[in-house]
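A.B. asks: Need a 3D model of the following:
(one chain, ligands or ions: 2)
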Amino acid sequence: MAGAHGIWAVIPAAGSGKRFGGEVPKQYLEIAGRPLIAHALDALLAHPAVEGAVVAIAANDERWPGWTSRCGKLLLRCTGGAERADSVLAALRALPAAVAGDDLVLVHDAARPNLRQDDIARLIAAASQHPDGALLAAPVRDTLKRADAHACVLATAPRDGLWRALTPQAFRRAALTSALERARVDGVVVTDEAMAMERMGAKPMLVEGREDNLKVTTPADLALATYLLSL
Ligand SMILES: Nc1ccn([C@@H]2O[C@H](COP(=O)(O)OP(=O)(O)OP(=O)(O)O)[C@@H](O)[C@H]2O)c(=O)n1
Ligand SMILES: C[C@](O)(CO)[C@H](O)COP(=O)(O)O
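C.D. replies: Numbering: from 1, shown residues only. Ligands and ions are numbered 1, 2, ... in the order given. Next up, the predicted model:
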């Protein structure tokens, strides 16, 4: 079970949004009156078990609004790194000393603004019971094609057992910190927390999450997220 200190959130928000394009990094684009990062943060901090959050921002970020609390909870800030995993590791290291090694940390992309409370609750319940942690994920529903460099189909890949990893991903602070440190030492870029844990032999639990918890990667995603938040 998570310890008595509660659960903390970690928000990697140090990306530059290359695939999105534009001058403003996507985490600062507004939908429904708030920037994406505020939607992501407020969803997590609204959960009663989440005690506070650490946000990792880019070293040259001049748009950070300087929040020190939201939803009545403590909000800390640190400087992120070159890769998402570097930013997550920096945020883990910036957690208050009172956060115990076996306390749960929920890592959630600043670019996922449509996180619902029922998903957070089911993720926390699963991760609290499962020693290897848990992540939201969605089963792959489309037929998968493997292609060559010219986008010509080589084969149809079986989709059985394939899931798309979402966030939040929930792991114990010390185990996740060690796993990310190990990946860095090994020179492996892990694209999510679960991948770092898998490299250590862990088998994180997949918790089926809502399909509409999308990551804003391109301008079309922003339009879809805007629509979803209006429902
Ligand atoms: N060095 C990095 C890279 C990414 N992120 C964060 O990780 C999340 C998911 O990453 P992604 O969607 O890939 O964001 P970007 O890296 O900004 O996008 P791109 O890859 O298109 O540049 C985002 O909240 C992003 O800000 C981060 O904290 N530090
Ligand atoms: C963590 C993540 O959002 C899970 O889908 C994803 O891996 C981020 O990947 P990206 O390569 O930074 O877009």
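
A.B. asks: and the nearest residue to residue 230 once chain neighbours are set aside, how many residues sit next to it?
C.D. replies: The spatial neighbour of residue 230 that comes closest, neighbours along the chain excluded (CB to CB, 6 or more residues apart in numbering), is residue 32 at 6.8 Å. Quick note: C-beta positions are derived from backbone N, CA and C, even for glycine. Residues contacting residue 32 under the criterion other CB atoms under 10 Å number 12.

A.B. asks: what's the distance between the residue most central in space within the chain and residue 136?
C.D. replies: Taking CA atoms, centre = their mean as the criterion, residue 108 is the residue nearest the geometric centre of the chain, at 2.5 Å. Distance of residue 108 to residue 136, given as CB to CB, to the nearest Å: 9 Å.

A.B. asks: Identify the residues contacting residue 38.
C.D. replies: residue 70 (CB atoms under 8 Å, 6 or more residues apart in numbering).

A.B. asks: Write out the residues of the protein neighbouring ligand 2.
C.D. replies: Within reach of ligand 2 by CB under 6 Å from any ligand atom, the chain has these residues: 84, 109, 165-167, 191-192, 215.

A.B. asks: So which of those residues sit within strands?
C.D. replies: Among the residues of the chain next to ligand 2, the ones falling in strands (DSSP state E) are 165-167.

A.B. asks: in this protein, which spans are strands?
C.D. replies: According to DSSP E, the strands that the chain contains are 7-13, 30-31, 34-35, 50-57, 69-70, 73-79, 104-107, 134-139, 144-147, 153-157, 163-172, 205-208.
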